[in-house]
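> Quick one: sequence plus predicted model below, questions after.
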Amino acid sequence: EVQLVESGGGLVQAGGSLRLSCAASGFTFDAYAIGWFRQAPGKEREGVSCIMLSDGSTYYIDSVKGRFTISSDNAKNTVYLQMNSLKPEDTAVYYCAADVSGYCSGYGDYWGQGTQVTVSS
């Protein structure tokens, strides 16, 4: 059974940092891609960043480039999202999702439960 468990969310002041973790189990870790998505109240869910676990290729949306860094620890089956210089508009529930194609297609086949990130101004 594929499971994804996020952790690391919380409340932080603007300009601060958080590191989200996505612990994965139930599949061959480097066969998939893992994406981070977020959904703010009243807004559609958007893909934020993604990593192809087979070769480490990474992708970011423009609004987080230079501030967020996605990485993986294949020995721990965990993907991280380091978020620096946080802004109030980054406030959302953050989800990690596994893409079974192995590519960062913008979709997720398996999802975690989400973790709340709140950035105060």
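Sure thing, it's come through. Numbers count the residues shown, from 1 in each chain.
> Show me the strands in the protein, by range?
In the chain, the strands defined using DSSP state E lie at 3-7, 10-13, 18-25, 33-39, 46-52, 58-60, 68-73, 78-83, 92-99, 110-111, 115-120.
> Redo these as a markdown table? Include mean pLDDT.
As requested, these are exported to a markdown table (pLDDT from 0 to 100):
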| stretch | mean pLDDT |
| --- | --- |
| strand 3-7 | 97 |
| strand 10-13 | 98 |
| strand 18-25 | 97 |
| strand 33-39 | 98 |
| strand 46-52 | 98 |
| strand 58-60 | 98 |
| strand 68-73 | 97 |
| strand 78-83 | 98 |
| strand 92-99 | 98 |
| strand 110-111 | 96 |
| strand 115-120 | 98 |
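> Kindly check the end-to-end length of stretch 17-36 for me.
For stretch 17-36, the first-to-last residue distance is 16 Å (Cα to Cα, to the nearest Å).
> okay, which residue is most central for the protein?
W36 (2.6 Å; Cα atoms, centre = their mean).
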